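Enquirer: give me a 3D structure for the following:
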Amino acid sequence: MDGHQKSHKFSAQNDICRELEIAQTEAVTARLSTWKSNPRFSNVSRHCRQLLAQAKPFRGLWTRTHFSPLAVLQGIRGIAAVLIFHRHLLTSFFPYPEGMGIDGTAKAALQIECLNRVPILRLMYDGNFVPSFFVISGYVQALEKLRLMDNHEWDLLQKSLASSTFGRLLRLYGPTAIVAILVPIAVKLGLYNWGETYRSRWLTAGPPVLIQQPTLGMQFALTWDSFQDILDIWRWEMVYPQYNIPMWTIPAEFRGSLVLYLSLLGVSRLRRITRISALIMIATILVIWAKQDLCLYVLGAVLADIDLLRGLHKDPMGLPSSTPVASNFTIKIREMSWGMLLVVGLSLISYSPTPNVSVKGFLDLSMYVPSGWEAAPFWNSIGSVLVVWGIINTPWVHAFFGKNLFLLLGQLSFAMYLIHAPILNMIAYVIIPFFWEIFGIETRAKMLLGFVLPTWLIVLPILLSSADKFRALVEKPINSFGRWLQRSQFVEF
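Expert: Residues are numbered from 1 along each chain as shown. Take a look at the predicted model:
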């Protein structure tokens, strides 16, 4: 066979292969067209596209786009709100943790039954994070005003103080009033009392039973009796509204903000060192008077002023201005010092309030408590100040807690705090016992499984979703109304 015949043969084979490829492609295309015309395929495809579209906002949750220490504080506020919800849920079903160590007589060692008794680790079970809210609020609210003082922008300072004082009432009590209206409606509809079999059998420290009244008017009357005391901001006794117990902090927050603004106004024309000294004196007087919420707000302002003096808020990355010129050894020592301060603060927040029981080493601390204070609130408060200051100044904490996920939780923190008690009453106190009925409680593993699954897969997602809706439909419109009211009624000068 000569070369011409071989070339013709190879050409014919290539033509046959191309025709086969074209035929296969047309067959696949026809089959795909048949699948796409199938309603089931169309529905699945549409659902997949919808899921991908819904997932897009969550893709960047674990990235970091904000480098300011204030953004980190926002993230810490969100984590604290979740842990407060977790604490209230746990202590409703499980015995209150006594803490690891020795009894009040220093004679008998306590048995370690679980890691929830260990200092710092017990914060996941029983952390008192409310004082941290007060310190963070004082820090954030004071920072802008202290900057204006440093720049001698007195007109802007007066406007900032007037705007904050005027708007604080609406920001705190507006969403609170909406929740106070919704709770009796939910009780009247029976949402607080359904699943009574599960509630009565499993709850160990649940809230008081909210009884349905014959009429909605009577239900609102009982609600008013429950909430009216939180309107008296100068009532120093702790007031726990029966219809939403965590709202006891609302008057404390408003009272603390007013005292903070008054303190800042009084020291506004002082030189910085004198101003810091005056704020420390005010905080010391409040400690002597045992006014926990007020002293924490003022101490937050003290921390903010010291950080401004150190140049912490001048660098966009949230590091002190002196950091670039410091040696590596000095930077490491500084980071270790702030880390140790953070650990000490977390340990003090772990101080157990259980009578006659103390974490080992804390018995000595109980002897150094000012008059008018109880040991646990005092050392929890000191720990909260140290924790907030350590968080602001620890770079590796910024890298982790500055993630967008934690910032999102921080934005939802106030809404979560307001509605987490109703969510517990309406959902958690029934759904968790229901899971225990399924899994059983014969072993600790079964008990934990029946608790963790509904909590993290059902209750917490419902809480976050509800908080997001509450923030969008209630909190934001109220804040917008407050800003509009200021623009329309404030007098320019």
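Enquirer: what's downstream of the helix or strand of the chain with the lowest mean pLDDT, the next helix or strand?
Expert: The weakest-scoring helix or strand in the chain, judged by mean pLDDT, DSSP states H and E, is strand 101-103 (a mean of 43). The C-terminal neighbour of strand 101-103 among helices and strands, as given by DSSP states H and E, is helix 123-126.
Enquirer: strands along this structure, start to end?
Expert: Applying DSSP state E to the chain gives strands spanning 101-103, 357-359.
Enquirer: so how far is Gly440 from the residue at minimal distance from the centre of the chain?
Expert: Centroid-nearest residue in the chain, with Cα atoms, centre = their mean: Gly78, separated by 2.2 Å. Distance, Gly78 to Gly440, using Cβ to Cβ, to the nearest Å: 34 Å. Where C-beta positions appear, they are placed from N, C-alpha and C, glycine not excepted.
Enquirer: ok, Val387 to Ser347 distance?
Expert: With distances taken as Cβ to Cβ, Val387 is found 10 Å from Ser347.
Enquirer: who has more neighbours, those two?
Expert: Val387 (27 against 19; other Cβ atoms under 10 Å).
Enquirer: wait, the more buried one touches Val343, no?
Expert: No. The criterion here is Cβ atoms under 8 Å, and Val387 misses it with Val343 at 9.4 Å.
Enquirer: buried ones in stretch 144-151?
Expert: 145-149 (16 or more other Cβ atoms under 10 Å).
Enquirer: quick one: residues in contact with stretch 225-245.
Expert: Around stretch 225-245, the neighbours that count as contacts under Cβ atoms under 8 Å, 6 or more residues apart in numbering are 173, 176, 179-180, 183-184, 187, 207-208, 210, 222-223, 247-248, 250-251, 254-255, 258, 291, 418, 421-422.
Enquirer: let's see the distance spanning that stretch from one end to the other.
Expert: Using Cα to Cα, to the nearest Å, the end-to-end distance of stretch 225-245 comes to 13 Å.
Enquirer: please identify the buried residues of that stretch?
Expert: 226-227, 230, 233, 239, 241, 243-244.
Enquirer: could you work out the most separated pair of those residues?
Expert: Farthest apart among the buried residues of stretch 225-245 by Cβ to Cβ are Ile233 and Tyr243. That separation is 19.0 Å.
Enquirer: still on that earlier bit, any idea how far the residue nearest to the centre of the chain is from Ile285?
Expert: Separation of Gly78 from Ile285 (Cβ to Cβ): 32 Å.
Enquirer: do Lys332 as well
Expert: Taken as Cβ to Cβ, the span from Lys332 to Ile285 is 38 Å.
Enquirer: His88 touches Tyr417, doesn't it?
Expert: No. Contact criterion Cβ under 8 Å: His88 and Tyr417 do not qualify, at 10.4 Å.
Enquirer: now Ile423. Nearest residue, chain neighbours left out?
Expert: Leu463 (5.0 Å; Cβ to Cβ, 6 or more residues apart in numbering).
Enquirer: try Tyr417
Expert: Ala81 (5.4 Å).
Enquirer: doesn't Met416 make contact with the one you found?
Expert: Yes. Assessed by Cβ under 8 Å, Ala81 is found in contact with Met416 at 4.5 Å.
Enquirer: my guess is Pro175 contacts Pro477. True?
Expert: No. Using Cβ under 8 Å, Pro175 makes no contact with Pro477, being 9.9 Å away.
Enquirer: of those two, who's got more company?
Expert: Neighbour totals were compared for Pro175 and Pro477, and Pro175 leads with 24 against 13 (other Cβ under 10 Å).
Enquirer: who touches Leu449 in this structure?
Expert: Counting by Cβ under 8 Å, 6+ apart, Leu449 touches Phe439.
Enquirer: that one and Tyr125, how far apart?
Expert: From Leu449 across to Tyr125, the span is 17 Å (Cβ to Cβ).
Enquirer: with Ile391 instead?
Expert: Counting by Cβ to Cβ, the gap from Ile391 to Tyr125 is 21 Å.
Enquirer: so which of these two has more stuff around it?
Expert: Ile391 (22 against 19).
Enquirer: which residues does the more buried one contact?
Expert: By Cβ under 8 Å, 6+ apart, the residues touching Ile391 are 72-73, 76, 342, 397, 401.
Enquirer: any chance of these in TSV, with pLDDT, neighbour count and distance to Ser92 too?
Expert: Shown next, in TSV, are the contacts of Ile391 (pLDDT from 0 to 100; neighbours: other Cβ atoms under 10 Å; distance: Cβ to Cβ, whole Å):
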residue	pLDDT	neighbour count	distance to Ser92
Val72	83	26	31
Leu73	85	24	29
Ile76	86	25	25
Leu342	89	19	30
Val397	79	20	31
Phe401	77	22	28
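Enquirer: which of those sit farthest apart?
Expert: Leu73 and Leu342 (13.6 Å).
Enquirer: any low-confidence regions in the stretch 101-250 of the chain?
Expert: 101-118, 126-127, 195-209 (pLDDT under 70).
Enquirer: redo that, cut-off 90
Expert: For the stretch 101-250 of the chain, residues meeting the criterion pLDDT under 90 lie at 101-130, 184, 186-248.
Enquirer: and the helices in it?
Expert: Assigned by DSSP state H, counting those that start in this stretch, the stretch 101-250 of the chain shows helices spanning 123-126, 130-150, 154-188, 196-202, 216-227, 249-267.
Enquirer: can you tell which of these is closest to Leu409?
Expert: Leu409 lies closest to helix 130-150 among these, at 13.5 Å (Cβ to Cβ).
Enquirer: angle of that closest one against helix 249-267?
Expert: Helix 130-150 and helix 249-267 meet at an angle of 30 degrees, taking axes from the mean of the first three to the mean of the last three Cα atoms, to 10 degrees as the criterion.
Enquirer: what helices or strands is helix 130-150 leaning on?
Expert: Other helices and strands packing on helix 130-150, by 3 or more Cβ pairs under 8 Å, 6 or more residues apart in numbering; DSSP states H and E, are helix 69-93, helix 154-188, helix 249-267, helix 292-310, helix 375-393.
Enquirer: surely Pro184 touches Gly217?
Expert: No. Counting by Cβ under 8 Å, Pro184 stays clear of Gly217, with 9.8 Å between them.
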